[in-house]
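J.: Provided below are the primary sequence and the corresponding predicted coordinates.
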Amino acid sequence: MIYTVTFNPSLDYIVSVEDFKLGITNRTSSELMLPGGKGINVSTVLGNLGIENTALGFAAGFTGEEIIRQVEHMGIRSDFIMVPDGISRINLKLKSIDGTEINGCGPEISEAAVAELMEKLEVLGEEDVLVLAGSIPSSMPDDIYRRILKRLQGRGVTAVVDATKDLLLNVLEYRPFLVKPNNHELGEIFQVELWDRKSVVSYARKLQEMGAQNVLVSMAGEGAVLAAQNGTVYETPAPEGTLVNGVGAGDSMVAGFLAGWMEKQDFRHAFYMGVSAGSASAFSERLATREEIKHIYVQMTGK
């Protein structure tokens, strides 16, 4: 079973505003409200690919209830912990101005709630996959990813981590199966700027030397790079297509990679499934469907 954890889920309110102007009332030309957060996005695309998984995390208030309702409506198993203080986030995504977002803070997470999550993770063992993805609320301990992987050490759990800076660096000693920074996040770790695939390779290998088994680096329009544990480096430019909505593309890449790996245990196949899923989401109003992913996979690989 694949389990995803979203520590700070959200309702993503995705809107388009024609000719947006500051200081006046703007009206939307399109609206979409979806459950968001990196782990939930991974769960959604896995579900679209027909892979059963369970979404875990924290939720609060009426927004938390709506997140859970929408997740379950999509056919995804959920086991969220409802916390009493605050409300889950509403994140505003202004689609017509690419990259413009206003993200909420999220609820207060108590030590008791963290302990409850730890108890839920006790069931994980051999052949289970755990995806830890995204930011954490400010009320949570900043070593929470490390604490989780330390607790699961030696159980044969396949760990996937999609996080930034210390959240990522703190877990490398536990040799996660996959980490997925983007090129800017990878550059931030090593205090360099990485703009092309060639420059990414040596720093992806540095993360391997620090403990990561496989390093998948997303690069938006520049494509992607995979430094695989078999010593091979895979890279590809981005497939052709029109960017519609970049929200969740990196999370879709994680889901596609996992789906490909579970299908064939082949790094090349997993890599192209990841790139296909990430690109399909970027080219769509919503997260990628199986058909959209398959279409791009065939376009990239010829089969």
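T.: Yep, that arrived.

J.: Could you use CA atoms for every contact and neighbour count after this?
T.: Fine.

J.: Which parts of this protein belong to which domain?
T.: As given by automatic domain parsing, the domain ranges for the chain are 1-19+29-127, 177-303.

J.: quick one: low-confidence parts of this structure?
T.: Low-confidence segments of the chain, defined by pLDDT under 70: 98-99.

J.: Please name the residues that touch the nearest residue to G47 once chain neighbours are set aside.
T.: In space, G47 comes closest to I76 once its chain neighbours are excluded; the distance is 6.6 Å by CA to CA, 6 or more residues apart in numbering. Counting by CA atoms under 8 Å, 6 or more residues apart in numbering, I76 touches 43-44, 47, 52-55.

J.: Narrow those residues to those in helices?
T.: Mapping these onto helices (DSSP state H) picks out 43-44, 47.

J.: Where neighbours are concerned, which of these has the most?
T.: S43 (32 neighbours; other CA atoms under 10 Å).

J.: OK, contacts around it?
T.: By CA under 8 Å, 6+ apart, the neighbours of S43 are 4, 53-55, 76, 255.

J.: Mind doing that once more with 10 Å?
T.: Listed by CA atoms under 10 Å, 6 or more residues apart in numbering, the contact partners of S43 are 2-6, 49, 51-56, 71, 74, 76-78, 131, 251-252, 254-255.

J.: And for V15?
T.: V15 neighbours (CA under 10 Å, 6+ apart): 27-33, 92-97.

J.: Let me have those in a markdown table, adding distance to V225, secondary structure and neighbour count as columns.
T.: Below are those laid out as a markdown table (distance: CA to CA, whole Å; DSSP: H, G, I helix; E, B strand; the rest coil; neighbours: other CA atoms under 10 Å):
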| residue | distance to V225 | secondary structure | neighbour count |
| --- | --- | --- | --- |
| R27 | 40 | coil | 12 |
| T28 | 37 | coil | 13 |
| S29 | 37 | coil | 10 |
| S30 | 34 | strand | 12 |
| E31 | 34 | strand | 13 |
| L32 | 32 | strand | 13 |
| M33 | 32 | strand | 17 |
| L92 | 30 | strand | 18 |
| K93 | 27 | strand | 23 |
| L94 | 29 | strand | 20 |
| K95 | 27 | coil | 21 |
| S96 | 29 | coil | 19 |
| I97 | 27 | coil | 14 |
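
J.: Reformat those as CSV; add distance to G125.
T.: What follows is those, written out as CSV (distance: CA to CA, whole Å):
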residue, distance to G125
R27, 50
T28, 47
S29, 48
S30, 44
E31, 41
L32, 38
M33, 35
L92, 37
K93, 37
L94, 41
K95, 40
S96, 44
I97, 44
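
J.: Max pairwise distance over these: which two?
T.: M33 and I97 (17.3 Å; CA to CA).

J.: got a markdown table for the ones in helices among the contacts of I76, with distance to R175 too?
T.: Listed next are those as a markdown table, based on distance: CA to CA, whole Å:
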| residue | distance to R175 |
| --- | --- |
| S43 | 23 |
| T44 | 26 |
| G47 | 27 |
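
J.: Closest to A212 out of those?
T.: S43 (22.2 Å).

J.: Quick check: the gap between that closest one and I51.
T.: Shown here: S43 relative to I51, a distance of 9 Å by CA to CA, to the nearest Å.

J.: which neighbours do these two share?
T.: Residues touching both S43 and I51 by CA under 10 Å, 6+ apart: 2, 76, 255.

J.: Give me the nearest residue to the residue positioned nearest the centre of the chain, chain neighbours excluded.
T.: Among the residues of the chain, the one closest to the centroid is D251, at 3.1 Å (CA atoms, centre = their mean). Nearest residue to D251, sequence neighbours excluded (CA to CA, 6+ apart): V42, at 5.3 Å.

J.: tell me the contacts of the one you found?
T.: Applying CA under 10 Å, 6+ apart, we find V42 in contact with 3-6, 36, 48, 53, 55, 131, 133, 248-256, 258, 287.

J.: likewise M210?
T.: When contacts are counted by CA under 10 Å, 6+ apart, M210 touches 169, 171-175.

J.: what's the answer for A60, then?
T.: 8-9, 66-67, 80-89, 106-109.

J.: Just the ones in strands from those residues, please.
T.: 80-82, 89 (DSSP state E).

J.: Now do the strands in the stretch 101-250 of the chain.
T.: For the stretch 101-250 of the chain, the strands defined by DSSP state E, counting those that start in this stretch cover 129-133, 158-162, 178-179, 214-218, 224-227, 233-236.

J.: For E108, grab phi and psi.
T.: The phi and psi values for E108, taken as degrees, to the nearest 10, are phi -80, psi 130.

J.: That one contacts S138, correct?
T.: Yes - the pair E108 and S138 qualifies as a contact (CA atoms under 10 Å) at a distance of 7.9 Å.
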